[in-house]
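Novice: below are the sequence and a predicted model for it; my questions follow.
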Amino acid sequence: MGRTSENLVAMYDQNVVGQKFIMKDKGSHKSLRIIEDAFEKFDLSKNEIRIFLFLARSGFPRKARDISDSLSIHRTETYRILRTLERRGLISSMFEKPMKFLAVPFDEAMDHLIEAKRTKIDLLEREKKDLLNLWSSFPKFDRGYIQKKGFQVLEGKEQIALKSKEMLRAAEREIDVLAPESALMLFYHWGITDELEETSRTPIEVRLMTDYSSKNRFFVEKMQLPQVKYVRAPDIRDLPGFITYDQTQVLLCLKENAVDNGPERQKKQRIHALWTNYGPFVKILRTFFLQLWNTEPAGPMPMPIKEQTI
């Protein structure tokens with residue numbers, strides 16, 4: 001069977017910063033895994049996702065027993081999940097005997113989930129002032145607080161991105177970022193580079209250092225930072241990325257080997273970060289950054305950006 005356009009699906013590939021095409025028949029399992037991973041961000045359990053996608057792909061009403069048998073999920077749990085999905089606006093029930101269930105269109109389901117997330121955030125924003133006032137009403141124990149030096153281990157995209165943005169917004173004088181290709185790609189997709197770009201428009205000095213590649217040129221040119229240097233030392237690609245600010249704190253990003261979640265699930269690479277305000281540790285990484293920065297000439301190396309092939 002030839003690779004006609006009807007047999008191909010366009011997928012965004014962050015590794016090449018562009019699109020790639022996969023065969024529908026071979027790529028369906030991978031596509032489902034991508035969708036399942038995305039739906040987990042909306043606080044849905046794995047079985048809730050499985051049942052919704054089963055109904056969505058079926059395209060017609062199904063009985064609870066059919067769903068239970070097809071997915072090998074206990075009948076009691078199936079009924080409970082169906083009620084949960086109905087309350088969340090992802091499926092509807094048909095008043096027949098026996099009762100049948102139908103998924104809402106996929107785009108509507110995404111809209112429901114996104115709007116629910118947005119509503120939760122809006123509610124918290126509205127409650128913030130009241131909670132702060134309530135908190136300030138408690139008696140204070142003023143015992144001459146002294147900031148402690150410590151370490152904090154963060155795991156996962158949300159926690160690391162949140163801590164990174166918190167650091168960037170707290171900076172008053174300078175921000176130094178060492179981001180080899182793998183780290184720069186994560187920073188870009190997590191929105192950290194957007195925060196860097198915004199900060200660079202203030203009096204705060206922002207310096208970014210990365211290794212030279214067409215991918216990194218793509219990310220750097222998107223950011224338009226005034227101070228960027230490309231490190232020619234080949235070993236930098238194997239180093240973890242880190243962010244320091246005001247010579248007081250550092251966030252060091254670490255990766256573990258990919259975890260095999262079984263034949264039906266994609267291998268995932270766990271990402272951790274180590275935050276600390278421990279002075280000697282911060283000083284070591286900042287000194288290393290400055291040594292590289294001061295030995296590298298300004299401006300990119302004369303290497304053209306290769307077009308990303310589709």
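Specialist: On my side now, so go ahead.
Novice: drop to CA atoms for contacts and neighbour counts, all remaining ones
Specialist: Noted.
Novice: and Leu85, how many neighbours does it have?
Specialist: Using other CA atoms under 10 Å, Leu85 has 19 neighbouring residues.
Novice: quick one: which helix or strand includes it?
Specialist: helix 75-87 (DSSP states H and E).
Novice: after that helix, which helix or strand is next?
Specialist: strand 91-94.
Novice: tell me which strands that following strand pairs with, and in which orientation.
Specialist: Using DSSP bridges, strand 91-94 pairs in its sheet with strand 100-103 (antiparallel).
Novice: what residues sit buried inside the next helix or strand after the strand it pairs with?
Specialist: Next in sequence after strand 100-103, counting helices and strands by DSSP H and E, comes helix 106-136. Counting neighbours by 16 or more other CA atoms under 10 Å, one finds that the buried residues in helix 106-136 are Ala109, Leu113.
Novice: per-residue confidence averaged over helix 106-136?
Specialist: For helix 106-136, mean pLDDT is 86.
Novice: for that helix, enumerate the helices and strands it packs against.
Specialist: Contacting helix 106-136 under the criterion 3 or more CA pairs under 8 Å, 6 or more residues apart in numbering; DSSP states H and E is no other helix or strand.
Novice: circling back: which other helices and strands does the helix holding Leu85 contact?
Specialist: Partner elements for helix 75-87 (3+ CA pairs under 8 Å, 6+ apart): helix 46-58, helix 64-71, strand 91-94.
Novice: Leu252: which of the ones you listed is closest?
Specialist: Within these, the stretch nearest Leu252 is helix 46-58; the backing value is 31.4 Å (CA to CA).
Novice: got the buried residues for that closest one?
Specialist: Of the residues in helix 46-58, Glu48, Ile49, Arg50, Ile51, Phe52, Leu53, Phe54, Leu55, Ala56 count as buried by neighbour count, 16+ other CA under 10 Å.
Novice: what's the answer for stretch 199-206, then?
Specialist: Neighbour counts over stretch 199-206 (16+ other CA under 10 Å) mark Thr199, Ser200, Ile204, Glu205, Val206 as buried.
Novice: mind listing the helices for the stretch 151-300 of the chain?
Specialist: Along the stretch 151-300 of the chain, counting by DSSP state H, counting those that start in this stretch, helices occupy 157-170, 181-189, 192-200, 214-223, 279-295.
Novice: how about those helices in JSON lines, adding distance to Arg88 and mean pLDDT?
Specialist: Putting these into JSON lines (distance: least, CA to CA, whole Å; pLDDT from 0 to 100) gives the following:
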{"stretch": "helix 157-170", "distance to Arg88": "24", "mean pLDDT": "86"}
{"stretch": "helix 181-189", "distance to Arg88": "29", "mean pLDDT": "86"}
{"stretch": "helix 192-200", "distance to Arg88": "32", "mean pLDDT": "88"}
{"stretch": "helix 214-223", "distance to Arg88": "38", "mean pLDDT": "84"}
{"stretch": "helix 279-295", "distance to Arg88": "46", "mean pLDDT": "89"}
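Novice: so for Glu125, which of the ones you listed sits nearest?
Specialist: Nearest to Glu125, of all the helices of the stretch 151-300 of the chain, is helix 157-170, at 16.7 Å by CA to CA.
Novice: figure out how far the closest one is from the centre of its chain.
Specialist: Chain-centre distance of helix 157-170: 12 Å, with CA atoms, centre = their mean, to the nearest Å.
Novice: list of residues touching that helix?
Specialist: For helix 157-170, the external contacting residues (CA atoms under 8 Å, 6 or more residues apart in numbering) are 154, 175, 187, 190-192, 195-196, 199, 243, 245, 251, 271-273.
Novice: go again using 10 Å as the cut-off
Specialist: Helix 157-170 is contacted by residues 153-154, 174-175, 186-187, 189-196, 198-199, 204, 206, 242-246, 249-253, 270-275 when judged by CA atoms under 10 Å, 6 or more residues apart in numbering.
Novice: and the angle from that helix to helix 181-189?
Specialist: Orientation check (axes from the mean of the first three to the mean of the last three CA atoms, to 10 degrees): helix 157-170 against helix 181-189 gives 80 degrees.
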